[in-house]
Each structure stands twice: as structure tokens, then as C-alpha cells.
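Undergrad: Sharing a model that was predicted from the sequence below.
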Amino acid sequence: MRLKISQFLVVFLIVGALTLGGCSGENVTSDPASPTETAGDTNTTTTTDATSVSETINESVPGMKDLPRLEGKATVVMTVNGSPVTIEVDGTNAPITAGNFVDLVQKGVYDGLVFHRVVRDPQPFVAQGGDPQSKDPNFPVNRLGTGGYVDPNTGSERRIPLEIKPQGEESPIYGKTLESARVSKPPELQHKLGAVAMARSQMPDSASSQFYFALADHAFLDGSYAVFGNVTEGLDVVNQIQQGDRIDSAKVTQGAENLKTPE
């Protein structure tokens, strides 16, 4: 019993560190014990309540047609503390999430941003960054983790839907965790060591620009947070990231032609 309680407390603490503290323009709070919406019996594979990518053509998910997509894969080299980290971004299994990330890389959004949250105790968890507010060295440290990318054309924060593709399915599910969509299949993209995924608040469709590197295998996050790539080189650099370290630069080195942006 003591072991089970200890494991629960570890999960409680580290998942609480993953959720966003809020989003620009509104107060979004997250319960660390339940960072995502969950419901239903996970022993079925019914997906009638979920939205597939094919349905998004008819705007079942509002604003989907206005988001960048990555049709295929791309390579991003992120330099941290002078050392490169190579990321394979997977638009085949996460076209919207991957497209958002590659688009922000091309816009230079990540250059100079801070890793505001690095959790290694009581066990390795994540290195999280991508809050645009962190570019300002005078921005209050205790408020980092509350911001997202504000589109200068609209003046509003760009948010993307939660996007998770179950194994063996043709299309991702949008706007729901696999548990709340009553899908028992594991996702194609999983939280293995070196996975790259989007941070979000308790609201499924609240991810914007904040991302994290998985510092260990975290199967308990699978199906609840959107993985969109993995580190192929430079994992040693990721393992040395400290809270407060900045991203020197991020560049798309391959696959830029696979990014499709709204006209």
C-alpha cells in the first residue's frame, strides 16, 4: 500500500508541473491531479464523439482550416547552450501539432526563449519551454508558463486542438483525450525518452507554443498530451538542460516544403 501511495504522489506532482499556468487573455487553471478531461470506459474503441481529420474539412473543429499543417516530416535543429538538438517532427501522425511547431520555428518564435520548467526530482520528467513572454529577461519568473504565441495578424493567441492518432487508424482524434473518446488503442506517437510534445492547460484545445522534452519514458501521459516528434541527435544536450537555460536558435533544416500554411 505504501508503494502505491508513493507512486500516486509522484504522478500527482510531476503532472502538475506539466500543465500550463494559464493562457494569455484569460485565466485558465489546472488541477494537477487531473490535468485532462477523462470519462467513460476505456475498454471500448468507440470514437463517435471524437472528430477525425477528414471531418475537419467541414470545420467540425472551428478554425482548423486556418492552422498550418505539416504533410510529412521535417527536421528542426534547436541549439541550446551552444549545442545542437536534432528533432524529427512527424506531420504524418500529427499534422496540425507538427505544422504549428514548424511554423513557429520558421517565424523565429523560439529563438531566445527560456526553459522555464525543468523537473528531474523525484524522477526525470520534462524540460518545458516555449513561453514567448520569456524572451523578455525582465519578465517575472513566477509568471512564466502562462503565455502562448500571439498572431500579429489577428492580435489573438493561436491555439491548436489536442491531436492524438490511435495506432492503426487513418486519422487523428481531435479535441479529446483517448480516454474521454473511449479509445483503448495506444497512440502512434508515445512518450518515450526524447519525445517532444505540447504542454497545455486542463482544457484539451489550449496548446499554443509551449512544448516539452520527455526526460524518460512516461506511458501514463500517452493519449492525454500530443506528441509530435522525437529527438534523434543531442539527447545528451537535452539531459543537461537546466531551468533558466535559453534556446539560442531553432531552424528547419529539412522538410520545410512539407509545411502548408493557410492562404
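TA: Yep, it's here.

Undergrad: how far away is residue 236 from residue 75?
TA: Plainly put, residue 236 is 18 Å away from residue 75 if you go by C-beta to C-beta, to the nearest Å. All C-beta spots, glycine's among them, are computed from the backbone N, C-alpha and C.

Undergrad: Also residue 135?
TA: Distance from residue 135 to residue 75, by C-beta to C-beta: 24 Å.

Undergrad: Please, where are all the strands along this structure?
TA: With DSSP state E as the criterion, the chain has strands at 51-52, 69-70, 73-80, 83-90, 117-119, 126-129, 163-164, 173-174, 195-198, 211-214, 227-233, 247-254, 259-260.

Undergrad: Name the nearest residue to the residue positioned nearest the centre of the chain, ignoring sequence neighbours.
TA: Nearest residue to the geometric centre of the chain (C-alpha atoms, centre = their mean): residue 198, 0.6 Å. Closest residue to residue 198 in three dimensions, ignoring its sequence neighbours and counting by C-beta to C-beta, 6 or more residues apart in numbering: residue 207, at 4.0 Å.

Undergrad: for the one you found, which residues make a bridge with it?
TA: Residue 207 forms beta bridges with residue 160, as assigned by DSSP bridges.

Undergrad: So it sits against residue 224, correct?
TA: No. Between residue 207 and residue 224 there is no contact under C-beta atoms under 8 Å: 11.9 Å.

Undergrad: Of those two, give the one with the bigger neighbour count.
TA: More crowded of residue 207 and residue 224, by other C-beta atoms under 10 Å: residue 207, with 30 against 25.

Undergrad: show me what contacts the more buried one?
TA: Residue 207 makes contacts with 97, 100, 148, 159-160, 162, 198-200, 226, as judged by C-beta atoms under 8 Å, 6 or more residues apart in numbering.

Undergrad: Among those, which are located in helices?
TA: Judged by DSSP state H, the contacts of residue 207 include 97, 100 as members of helices.
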